[in-house]
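[1] Whatever this is, show me its structure:
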Amino acid sequence: MRYIQTSVKYNNIIIRAEDSSIIIDASSSSLKKKDFMVFSSNEANEEICKKTYSTTSIIRYSVLLLQNGIYSLNLLVRKGTENIYWSYFHKNDILFSIQNGQLDFKSSPILIGNNSRLTTLTQQSHFIDDSLKCSIDLQVADSKIRTLAYNISKGLLFDYAKVLAVHDWVAENIYYDLDTLRSGQYRYNDVTAVGTLTAKKGVCQGISNLSIALLRSMGIPAYGLTCFALGVSTTGGWGKQNNLCAPANHQITIAYVDKRWIIMDITWDSDNIFENGEYRQKTGLGVSHKYFDSTVPFISNTHRFTL
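    So this is what the prediction gives:
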């Protein structure tokens, strides 16, 4: 594979192989005109060929000196004028191989399965109608949800813009609850849309449920897609057999706009965490759009859809 596209439409970053270089084109994304650091990680997790780039949108990263093997492409973004770089692509996001001078990106081994599961799910009869309904966890008709949905979407004419606005509002205003995750108490959290909105914090299920309720309140079909995600608590990537069959550990949101389903992971795009009893930001870089309107090939590097 010689080409990777991270998003279908919004904030798209294109990564392509060209001779012995990896071209990272961020000119259509929020990362344009930034300072970057790029390095490769080998299978021993050693950092190789580290380079920095100043105020650019297109990076040409040479892999000419790399030996045969499989590597992870790491892209870091500089925060303002500080000498601090925060990870954007890392670990399992972009894998590539070098074999006798030939550069290729690795296609996710779960891509075919993800495409099949997504198609099977979304082509069920009445699925779109069912993706507009109220439920115990999705209080679409609740006054708090309806009022917030109205305020978020006010002045927006197109459904795509409304989906983006919901993504951004939830990512900016709701905090990931690390305290209950670490203690195990998250199992007893109120993961309903209203409960998450009231607490201003939650884990992935509550964050996704809030976004779904807001979208359904706007008349946009939305659904919570469960998956097994290669987050910080996992090891081994898709090369580890257990990761290919383990039960779901994560939930993301899909929304139906312009005759297609938009995939988004609002939890992973948020910079907000609730830790040690405090609401704070991890990096101070704000809301990311790395996983908004993701292509299936890109998100399949880190998310295995389950039914």
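[2] ranges for the strands of the stretch 151-300 of the chain?
    Shown for the stretch 151-300 of the chain, the strands assigned by DSSP state E, counting those that start in this stretch span residues 175-177, 201-202, 222-229, 250-257, 260-264, 272-275, 278-281.
[3] Include distance to K290 and mean pLDDT when you put these into a markdown table, please.
    C-beta coordinates here come from the backbone N, C-alpha and C atoms, glycine included. Below are the strands of the stretch 151-300 of the chain laid out as a markdown table (distance: least, C-beta to C-beta, whole Å; pLDDT from 0 to 100):
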| stretch | distance to K290 | mean pLDDT |
| --- | --- | --- |
| strand 175-177 | 15 | 97 |
| strand 201-202 | 20 | 96 |
| strand 222-229 | 13 | 97 |
| strand 250-257 | 13 | 98 |
| strand 260-264 | 10 | 97 |
| strand 272-275 | 15 | 97 |
| strand 278-281 | 16 | 96 |
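[4] out of these, nearest to G101?
    Put simply, out of those the one that sits nearest G101 is strand 222-229, at 34.0 Å, with distance taken as C-beta to C-beta.
[5] now the closest one against strand 250-257, angle please.
    Here the directions of strand 222-229 and strand 250-257 differ by 140 degrees (axes from the mean of the first three to the mean of the last three C-alpha atoms, to 10 degrees).
[6] Contact partners for T234?
    T234 makes contact with N243, N249 under the criterion C-beta atoms under 8 Å, 6 or more residues apart in numbering.
[7] do the same with the one 10 residues further on
    Residues touching L244, when contacts are defined by C-beta under 8 Å, 6+ apart, comprise P109, I110, W238, R304.
[8] Distance-wise, check it relative to S108.
    In this view, L244 and S108 are 11 Å apart by C-beta to C-beta, to the nearest Å.
[9] which residue packs closest to Y188, ignoring adjacent ones?
    Counting by C-beta to C-beta, 6 or more residues apart in numbering, the nearest residue to Y188 once its immediate chain neighbours are dropped is T180, at 8.0 Å.
[10] Counting neighbours, what do you get for the nearest residue to I94 once chain neighbours are set aside?
    Closest residue to I94 in three dimensions, ignoring its sequence neighbours and counting by C-beta to C-beta, 6+ apart: L73, at 4.0 Å. By the measure other C-beta atoms under 10 Å, the count of residues near L73 is 21.
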